[in-house]
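Enquirer: Requesting a structural model of the entry that follows:
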Amino acid sequence: MSDSDAVARDLDVAWELLAAQPTHPRVAELALRVLAAQPGRNSALMALGNHRQACGEMAEARRLFLQVAGRRDGWFTMAARALRHLESAENNHAEALRWAHAVLAEDQEDWDDWMRLGQVQARAGEHEAGWRQLDDAVALCSRTAPDDLPRALGKRAEYLLESLAPPERFAPAAEEAIRTNAADSWVAMLLGFAYLAQYRFDDAEQLGLRLLREDPTDDLLQSLVGTARAMLRIVEKASGDDITLEDIRDTGVMEMSWRQIRDQKLGIDLPSALAALDAVLPAEVRATLRPGAAPHAESGRDKVGAMVAEDMVTWHDGQQPGSGAVWGLAEPFRLMSADEIIAMDAEIEADRAAHPDWPENEIWEQVMTDDAGAYLVAVAFGALVKRLPGHPDEPVATSMADWIWDRVAEFGGHDPRPASRKPEDVPTDLPAVPGTSLTGVIATMCAALGESEGSAAYAELRGRFPGSTVRQSVLDPVVPSPDGVDIALLDGLVKKVTVDVARCPSADGVIAGLDLDGQRGPVDGYVRAHGARVHNSWENGATGEVTVNYDLAEHRLGLQWETGRLARIFVSAMEPV
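Expert: You can find the predicted model right below:
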């Protein structure tokens, strides 16, 4: 066998072995033998680079791919694709995006390259542009390679998931993927949990039952079916119980379930974050942490909340009092132990009136304290807030997991999270406008707050919206009305008026001059320039829904956004109920 034949044979074996066992040391041995004979052989460099990446040797893989790309020959596109994949895996979003564009500058025919562009755009924080690009890539595939369509639809669902798309964006894409490839069980299972987050309990149950027939032992599928059935029973009994479906929606429990399953699949959930933090904890922080304490009934630790507190105390059962400064943050919060959490819960339960900041009908789990009366608390939709008696909650992180991942990144660890959604620019040079100067029907709405059904203000409000739904209790379910307006009463007085923008024919006149199709930044600027002052804001990490609450004289103005569009306007005489 000639030398050239031996080199060709080594290369063929290296690539075959790479496809079957990419981490096998024989791949490197064969590639290096080829390079010893022919140092400039791009095929061997690419095989060796792929092997190094599979082995986790990212810096060496990057060096090899860049060496090939730098030659600008026929191997450039393959090297650029490899660099796009590597930088995306390393969460170097700007570099991944650069290489995605470099690939398309060379070859614009492959639908998968356009799909990958959408993937890296969304992971880099350009969510809407990236998600639109994924749709465009599916359309391109259907025109140019229809046999690949099931794979393209599956990839779109996968990339939507890994870029943290909300359930209403993920679910239709997953449904389309399942229609073309019913055997894709992992997409189907995630679709079931997306149905839960959309309160589509019948759909979740039926899908879960179908999947359970294929794998009756899957714990997640059993949880999916069990949760769907439990929620269906609650909905069935809602008309006669004090707890309504709307109350359940307000807790965000279904959205949290979706997020937990999604994050678990992506490896960015709370247990994954805690494991990553353990690997990079500075010695001075580790020295303040107590050993973990698994909850069990005998100790009473089974009473610790299951949302996040249970995971936290299992990881480390609190931190020495007064040691919060070791985290290096502006405020010295430290982890609470299971015993501290349980004792505090008992104290609150014993005297609710003395603890108005810890309402009985809301979800909350305190996990950290500054030992001076302030706490970090996980609340509805999993958000982490700072709670100080007598003050509104202050947002701290979108979740406990995000707070932990932030610490991992600060301590030099690998942070696998996609880029978060980019906030829109909000004007900062707004004029100071005293009082309430917003005009339109909102003046009628505000005038009716606190008034009785027999008042002239209430009569004027009903005249403006004759088809509105009137609830005699804020706990009654919201029933769609012809004009998309809901009026909530408590003890016979108007407490809240809500306008559904999509259903209300005259929604554009609720606030005079407000552009209902405008972006959040300009809309925020408009209402602030006319007397509204931001009170707080919330983003539902699972659905992407954003609520911004404003102080408007003696009232509260709320604007709710869904998928970038203004969805609801409400006013209330108290905190939104």
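
Enquirer: Can you report how many residues lie near the nearest residue in space to Ala380 that is not next to it in sequence?
Expert: Distances taken as C-beta to C-beta, 6 or more residues apart in numbering put Gly252 closest to Ala380, at 4.4 Å, once the chain neighbours are dropped. C-beta coordinates here come from the backbone N, C-alpha and C atoms, glycine included. Gly252: 24 surrounding residues under other C-beta atoms under 10 Å.

Enquirer: Need the pLDDT of Gly252.
Expert: pLDDT recorded at Gly252 is 75.

Enquirer: Check the contact between it and Gly382; I expect there is one.
Expert: Yes - counting by C-beta atoms under 8 Å, Gly252 touches Gly382, with 6.9 Å between them.

Enquirer: Which residue ranges of the stretch 251-400 of the chain form helices?
Expert: Assigned helices in the stretch 251-400 of the chain, in chain order: 253-266, 270-280, 283-286, 309-315, 338-350, 400-410 (criterion: DSSP state H, counting those that start in this stretch).

Enquirer: An error on my part: the question was meant for the stretch 101-250 of the chain.
Expert: 111-123, 127-144, 149-162, 167-180, 185-197, 201-214, 219-237, 245-251.

Enquirer: Residues touching the fifth one, excluding its own?
Expert: By C-beta atoms under 8 Å, 6 or more residues apart in numbering, the residues outside helix 185-197 that reach it are 154, 157-158, 161, 167, 170-171, 174-175, 177-178, 182, 201, 203-204, 207-208, 210-211, 214-215, 218, 220-221, 224, 227-228, 231, 254-255, 257-258, 261-262, 265, 542-543.

Enquirer: For ChimeraX, write the selection for the buried entries among those.
Expert: Of the contacts of helix 185-197, the buried ones go into a single ChimeraX selection, burial set by 16 or more other C-beta atoms under 10 Å:
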select :154,157,158,161,167,170,171,174,175,177,178,201,203,204,207,208,211,220,221,224,227,228,231,254,255,257,258,261,262,265,542,543
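
Enquirer: And the helices of the stretch 251-400 of the chain: which comes nearest Leu552?
Expert: Taking C-beta to C-beta, helix 253-266 is the member of the helices of the stretch 251-400 of the chain nearest to Leu552, at 28.0 Å.

Enquirer: what angle do the closest one and helix 400-410 make?
Expert: For helix 253-266 against helix 400-410, the angle by axes from the mean of the first three to the mean of the last three C-alpha atoms, to 10 degrees is 40 degrees.

Enquirer: Show me what helix 253-266 is packed up against.
Expert: For helix 253-266, the elements it packs on are helix 149-162, helix 185-197, helix 219-237, helix 270-280, judged by 3 or more C-beta pairs under 8 Å, 6 or more residues apart in numbering; DSSP states H and E.

Enquirer: how does it look with 10 Å?
Expert: If you count contacts as 3 or more C-beta pairs under 10 Å, 6 or more residues apart in numbering; DSSP states H and E, helix 253-266 packs onto helix 149-162, helix 167-180, helix 185-197, helix 219-237, helix 270-280, helix 400-410.

Enquirer: looking at the ones you listed, which is buried most?
Expert: Highest mean neighbour count of the helices and strands packed on helix 253-266: helix 185-197, a mean of 24 (counted as mean count of other C-beta atoms under 10 Å).

Enquirer: What lies in contact with the helix or strand containing Ala6?
Expert: Under DSSP states H and E, the secondary-structure element containing Ala6 is helix 3-20. Contact partners of helix 3-20, identified using C-beta atoms under 10 Å, 6 or more residues apart in numbering, comprise 1-2, 24-38, 41, 43-44, 46-48, 50-51, 54.

Enquirer: Now do the contacts for the nearest residue to Arg52 once chain neighbours are set aside.
Expert: In space, and not counting its chain neighbours, Arg52 is closest to Ala61: 4.0 Å by C-beta to C-beta, 6+ apart. Each residue near Ala61 by C-beta under 10 Å, 6+ apart is listed here: 48-55, 82-83, 85-86, 89.

Enquirer: could you dump the helices and strands packed on helix 253-266 to TSV with distance to Asp345?
Expert: Shown next, in TSV, are those (distance: least, C-beta to C-beta, whole Å):
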stretch	distance to Asp345
helix 149-162	35
helix 167-180	31
helix 185-197	27
helix 219-237	24
helix 270-280	20
helix 400-410	18
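
Enquirer: Just the ones of the contacts of helix 3-20 in helices?
Expert: Of these, the ones assigned to helices by DSSP state H are 25-37, 43-44, 46-48, 50-51, 54.

Enquirer: so Gly558 touches Met445, yeah?
Expert: No - counting by C-beta atoms under 10 Å, Met445 is not a contact partner of Gly558; they are 11.7 Å apart.
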